Every structure is written in structure tokens, then in C-alpha cells.
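In: 3D, please:
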Amino acid sequence: MKNNDKYFMKLAIKEAKKAGNDVFPNPKVGCLIVKDGKVVSKGFHKRFGGRHAEQVAIDNLPQNITKTTMYVTLEPCAHKGKTNPCIDLIDPSIINRVVISSLDPNPSASGGINAILNKKILVTKNVCKIKSKKINPRFFTYHEKKRPYIIIKAALTLDGFIAESNGVSKWITNEKSRQSVHFLRSSCDAILIGNKTAIIDNPSLDSHGKGKDPIPVIIDRSKSMKKSLKIFKKNPIILSRDILNNKPVDNVKIMLDELYKRNIQSVLVEGGGFTITHFLDSGFFDELHLYYAPKFLGSGLSIFNTIRSIKDSSNLVLKKVDKFKSDFRVIYKRKY
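Out: Next up is the predicted model:
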């Protein structure tokens, strides 16, 4: 039974991975329904506000089927949000056992297991738990660590500089790399820069039609930004001493606490150099996306200038390398 449970849960995890960015801020969830060792129905949560994975799988069931087992990657929800509670759909005359991978860390949605047990349905939990949690790192970071999931992105020359000494950086990488960044932006709730970058570059910080636009977040250290800047057309979140109740603006933990309160689940930190370095030094980051172009500067601005020894370097795990014509991207994840 246990070996079968792992096999079918891995299939459910594979189903969950079919979901794209449209599912955020909800987690990616996959569901299978099995009868006599065969998958008779399956589904995944496709988009925010749409049917949950359990409902899709139940809707696709053959008629008059009984004594089935449901495999679901996340505890079925017990609250009414955009849809009705998933637990209300689980009929004990059709499903007599539910196998769950991860418990729901969201207190407003949890409680599904107890509700299922009250229906006299057998429940097995924590099957392939580590694998299923890896599908939703942003969701679990937000609810378990009480902070947004942080992705740091930087474009660099091969000798490790993000700009000339005078701050000029347009453009280090090619168009294909920049399109990749636009997709990355569309997957995040918010995008964060410092006020110096906002003033000098006057960026729009949007996804350029590649998906939803993230909420702009600006660290305002000097209160010198003019309302004519492009970002003010997008109702940005301004992190200043006034907003942070006179707490230090450059304290990353305080900034993340504020964004957590605003239900920001993921943040892309894009610059400038000082801001990126500050996040690297703080240790509050989860992924590092480095875009390299075949260029050399010899000298300039670096995001790594505070690292003095190998011991100072963060413990990172290489996750992926992508090629964009002559550019390439390296993705590292933080090892905790």
C-alpha cells in the first residue's frame, strides 16, 4: 500500500506541475482518483479563482463509481473563498480514502483532514511531503516563515559588473534575456528597487505584455522622488520611515514584515546595486537569478563587493542554466 501511495502521489505531483503563473497567489495542486490500482480521473488547479484540483478530478469521474482513493498534493481546503470548500465535494459513497502529501499551512484554509475524518473516510498524510512542498516554495515560505519569497535578479558582464562606474548599465544583456526577465516579473507579486534606481532609470517595472504586472515597491531613503516618475502611475508601495513607523528603512527584516502584512507572497529584487547587495548581506533571499552577457568592463559597480572571504559566501545550490543566444542565466537556490 505504501509503495502504491508513493507512486500515485508522484503522479499527482506531476499533475500539479502543469499549473502556470495564473494560479498565483494560490498554490499549485494536483489530484488523482484511483480505483483498483488504475487512475480513473485527475485534475490540477489551473488559475486563481478557478476550480480546485479536487473539483476537477471529481467532475471527471465516471458515473456510478465507488470505493475509490483520492491522492492530492495539498490538504483539501475547508473554507469558502473564490470557490466552495473542497471537503464538501468529497463524497464518502464515492471516495473512501484520501491520501494527502502536505498539510495546508494557511490557517484560513486548513482543517480539511478533520472534516474528512468526520465523514468516516480514511486519511493518510505526509506521503512524498518534501517533493510536494518543492512545487510551491513561495506559498510555503510566506505561510511558514511569515515573509515573502525573495528572488534576486541581476544582469552582469562576464567579469561580474552590473554597470559602469557612473551607473550606466543600458543594455548589458540582449533582448532574449530581457524577455526572460519580463516573464519572471509576471510570476511575482511585487518588484522592488531603490529610489536611486527609480530616479536615474525611471523604469516602468512591468512585464511588457508577458503576463500580469507586479506591484512596484520602492525603498525611499531620501524622499527625493518626483511624482512624474513612471512608477507613480502604478500605485507603488513606498517603503519610507513614515510607512515603517520611523523604523530603519534599510532593515530588510522590517521591510519584509511590512510586505507580509500587505499579503505580498513573492518579491523580485531588481536593483540597484546597493539594494541587491543589501539583500545579499542580510541573508533574506531564496533564489538568485544571474544573467551574464559576453562583455567586459574591467571596473565598475558590483553587487558582491562586501564579500571578503569564501566563508562570507552564501550556501547556494545550482538549479538551472539557460542560454539566450550569446547570454546565459544561472539560477541558484538558497540552501538552508
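
In: check which helix or strand covers the residue lying closest to residue 318 once chain neighbours are set aside.
Out: Counting by CB to CB, 6 or more residues apart in numbering, residue 332 is the residue found nearest to residue 318 once chain neighbours are left out, at 5.9 Å. Using the backbone N, CA and C atoms, a C-beta is placed for each residue, glycine as well. Taking DSSP states H and E as the criterion, residue 332 maps to strand 327-334.

In: and that strand, which strands flank it?
Out: strand 287-293 (antiparallel), strand 316-324 (antiparallel) (DSSP bridges).

In: so how far is that strand from its chain's centroid?
Out: With CA atoms, centre = their mean, to the nearest Å as the basis, strand 327-334 stands 16 Å off its chain's centre.

In: what comes into contact with the helix or strand harbouring residue 200?
Out: Assigned by DSSP H and E, residue 200 belongs to helix 195-201. Applying CB atoms under 8 Å, 6 or more residues apart in numbering, the contact partners of helix 195-201 are 167, 170, 203, 218-222, 224-226, 229, 231, 270-272, 274-275.

In: And stretch 33-47, by the same measure?
Out: For stretch 33-47, contacts defined as CB under 8 Å, 6+ apart pick out 4, 8, 11-12, 15-16, 18-19, 22-23, 26-32, 51-62, 65, 67-71, 95.

In: switch to 6 Å and redo it
Out: 8, 15-16, 18-19, 22-23, 29-32, 52-53, 56-57, 60-61, 68-70 (CB atoms under 6 Å, 6 or more residues apart in numbering).

In: Filter those down to just the buried residues.
Out: Using 16 or more other CB atoms under 10 Å as the burial test, those include 8, 15-16, 19, 22-23, 29-32, 52-53, 56-57, 61, 68-70 as buried.

In: okay, how far is it across stretch 119-136, tip to tip?
Out: In terms of CA to CA, to the nearest Å, the two terminal residues of stretch 119-136 are separated by 29 Å.

In: for stretch 10-29, same thing?
Out: Length of stretch 10-29, first residue to last, CA to CA: 12 Å.

In: Would you map out the domains in this protein?
Out: The chain resolves into domains spanning 2-135, 145-334 when parsed by automatic domain parsing.

In: on that earlier part again, among the contacts of stretch 33-47, name the ones in helices.
Out: 8, 15-16, 53, 56-57 (DSSP state H).

In: and the residues you listed, which two are the farthest apart?
Out: Farthest apart among the ones in helices among the contacts of stretch 33-47 by CB to CB are 8 and 56. That separation is 16.4 Å.

In: Give the helix, strand or coil label for the closest residue to residue 304 other than its chain neighbours.
Out: Closest residue to residue 304 apart from its sequence neighbours, by CB to CB, 6+ apart: residue 160 at 6.6 Å. Judged by DSSP: H, G, I helix; E, B strand; the rest coil, the three-state class of residue 160 is coil.

In: I'd like the distance between residue 160 and residue 177.
Out: 16 Å (CB to CB, to the nearest Å).

In: which of these two has more neighbours?
Out: Taking other CB atoms under 10 Å, residue 160 and residue 177 do not tie; residue 177 has more neighbours (22 against 16).

In: For the helix or strand hosting that one, buried residues please.
Out: Residue 177 belongs to helix 175-186 when assigned by DSSP H and E. If you call a residue buried by 16+ other CB under 10 Å, then helix 175-186 has these buried ones: 177-178, 180-181, 184-186.

In: what does stretch 92-105 give?
Out: Neighbour-count burial for stretch 92-105 flags 94-105 (criterion: 16+ other CB under 10 Å).

In: if we can go back for a sec, out of the contacts of helix 195-201, which sit inside strands?
Out: 218-219, 270-271 (DSSP state E).

In: Just send those residues back as CSV, with distance to residue 114 and pLDDT too.
Out: Output for those, formatted as CSV (distance: CB to CB, whole Å; pLDDT from 0 to 100):
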residue, distance to residue 114, pLDDT
218, 44, 93
219, 43, 91
270, 43, 91
271, 46, 81
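
In: and the residue nearest in space to the middle of the chain, helix, strand or coil?
Out: Centroid-nearest residue in the chain: residue 138, 3.6 Å away (criterion: CA atoms, centre = their mean). The three-state assignment at residue 138 reads helix, by three-state DSSP.
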